[in-house]
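Trainee: This is a predicted model, with the sequence first.
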Amino acid sequence: MTKSLLIAWQTANKLALVIGGGSVAYSRVRKLLDAEARVRVVSPTLEKELSDLETEIEYVARKFVDSDLDDEISMVLVAIDDHQESSRIYKLCKERGVPVNVADVPEECDFYFGANYDDGPLQVLVSTNGESPGMASYLGKYIASHLPPHVRETIEMFGEMRRRLRSRFPGPEHSKFRMRLMKKLTQEYRESDPSTVDIDGVLDKYTTESLNEQHPTRP
Ligand SMILES: C[C@@]1(CC(=O)O)c2cc3[nH]c(cc4nc(cc5[nH]c(cc(n2)[C@H]1CCC(=O)O)[C@@](C)(CC(=O)O)[C@@H]5CCC(=O)O)C(CC(=O)O)=C4CCC(=O)O)c(CCC(=O)O)c3CC(=O)O
Ligand SMILES: NC(=O)C1=CN([C@@H]2O[C@H](COP(=O)(O)OP(=O)(O)OC[C@H]3O[C@@H](n4cnc5c(N)ncnc54)[C@H](O)[C@@H]3O)[C@@H](O)[C@H]2O)C=CC1
């Protein structure tokens, strides 16, 4: 088992090529659309759930051909029931330096999918790095049911607080101050009910306190 680097890949408006039209392809397409990617599906057949998404994807109704890799493609996801062809596509992607995931061959994946939980800006991914996808699925649900209350609203509240702080103290010269303050405020309010937090009131109080700490007035 080799570890992965877990990073949050920004796929909005980037073109992803999905090869295959079965249930595995469908689960890939759903995740890609959620991440606002442009999705092109190449497959002679589409299962029902995927054909229901036809208005949201570009569908090419045939088998994969090598020239499908000619466009500027940010990633290729292979989900077909033909192992030899999967491996051949994998090698083509490697020649062209395109990141690729081959659903049925872990050794031929530049990246793995994981079990995801999403709630607004919060995204959780669980990976067992190919060891037990079934356990990844179970743990994703387990973690989702053990998150703190109103976590989404709390994250959104801090997002708003950061934006307002930034508009009060814009520019890189205030970066250290903003970071110090947000660190303190996150610790202070992360377990509060976000609907009771008056963002501007909090900023008024803490910015005054912090500025006084920085430049203490003489007695
Ligand atoms: C390597 C990887 C490559 C990749 O797909 O990126 C891969 C490979 C393979 N999976 C297989 C089987 C199953 N996959 C699932 C489910 C999921 N598989 C996912 C990811 C991954 N699967 C990557 C590693 C992720 C990791 O380890 O953390 C999830 C997490 C995400 C997703 O697919 O989007 C999604 C759950 C999503 C959710 O529920 O939230 C289930 C359970 C189920 O269907 O309920 C089973 C049956 C139970 C079992 O085997 O555990 C087989 C066939 C093995 C055989 O032939 O016996 C292979 C090929 C092989 O291993 O050779
Ligand atoms: N990573 C994972 O989590 C899992 C991976 N798998 C593997 O993923 C693969 C796909 O699984 P399913 O979606 O259930 O398969 P499926 O058999 O339902 O669908 C295969 C699809 O690929 C299309 N196809 C076949 N050859 C093609 C080609 N040359 N070019 C374009 N499209 C082609 C078919 O028309 C069909 O739409 C299988 O190899 C399976 O072993 C299966 C379960 C879980």
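Mentor: Sure, I can see it. Ligands and ions are numbered 1, 2, ... in the order given.
Trainee: just the helices in this protein please.
Mentor: When assigned using DSSP state H, the helices of the chain occupy the ranges 23-34, 48-51, 83-96, 133-144, 151-168, 175-189, 199-214.
Trainee: looking at those helices, which is closest to ligand 2?
Mentor: Nearest to ligand 2, of all the helices of the chain, is helix 23-34, at 3.4 Å by Cβ to the nearest ligand atom. (Glycine included, C-beta is placed from N, CA and C.)
Trainee: If you count neighbours, what's buried in that closest one?
Mentor: Neighbour-count burial for helix 23-34, counted by 16 or more other Cβ atoms under 10 Å, picks out 24, 25, 26, 27, 28, 29, 30, 31, 32, 33.
Trainee: and these as CSV, adding distance to ligand 2 and pLDDT?
Mentor: Formatted as CSV, these follow (distance: Cβ to the nearest ligand atom, whole Å; pLDDT from 0 to 100):
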residue, distance to ligand 2, pLDDT
24, 3, 97
25, 5, 98
26, 7, 98
27, 7, 97
28, 9, 97
29, 11, 98
30, 13, 97
31, 12, 97
32, 15, 98
33, 17, 98
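Trainee: of these, list those near ligand 1.
Mentor: Under the cut-off given by Cβ under 6 Å from any ligand atom, ligand 1 has residue 27 from these close to it.
Trainee: Need the contact partners of the helix-or-strand element of the chain with minimal mean pLDDT.
Mentor: In the chain, no helix or strand scores lower on mean pLDDT, DSSP states H and E than helix 199-214, which sits at a mean of 88. Residues from elsewhere that reach helix 199-214 (Cβ atoms under 8 Å, 6 or more residues apart in numbering): 157, 160-161, 164-165, 168-169, 177, 180-181, 184-185, 189.
Trainee: which one of those is nearest residue 15?
Mentor: Closest approach between those and residue 15, by Cβ to Cβ: residue 160, at 32.9 Å.
Trainee: thinking again about what came up before, between the buried residues of helix 23-34, which is closest to residue 65?
Mentor: Distances from residue 65 to the buried residues of helix 23-34, taken by Cβ to Cβ, are shortest for residue 25, at 17.1 Å.
Trainee: returning to that earlier point: widest-spaced pair of the contacts of helix 199-214?
Mentor: So, the contacts of helix 199-214 by Cβ to Cβ: farthest apart are 157 and 177, at 20.3 Å.
Trainee: more neighbours, the two?
Mentor: Just comparing residue 157 and residue 177: by other Cβ atoms under 10 Å the higher neighbour count belongs to residue 157, 20 against 15.
Trainee: if I pick the closest residue to that one other than its chain neighbours, what's in contact with it?
Mentor: For residue 157, ignoring the flanking residues on the chain, the nearest one in space by Cβ to Cβ, 6 or more residues apart in numbering is residue 194 at 4.1 Å. Neighbouring residues of residue 194 by Cβ under 8 Å, 6+ apart: 150, 153, 154, 156, 157.
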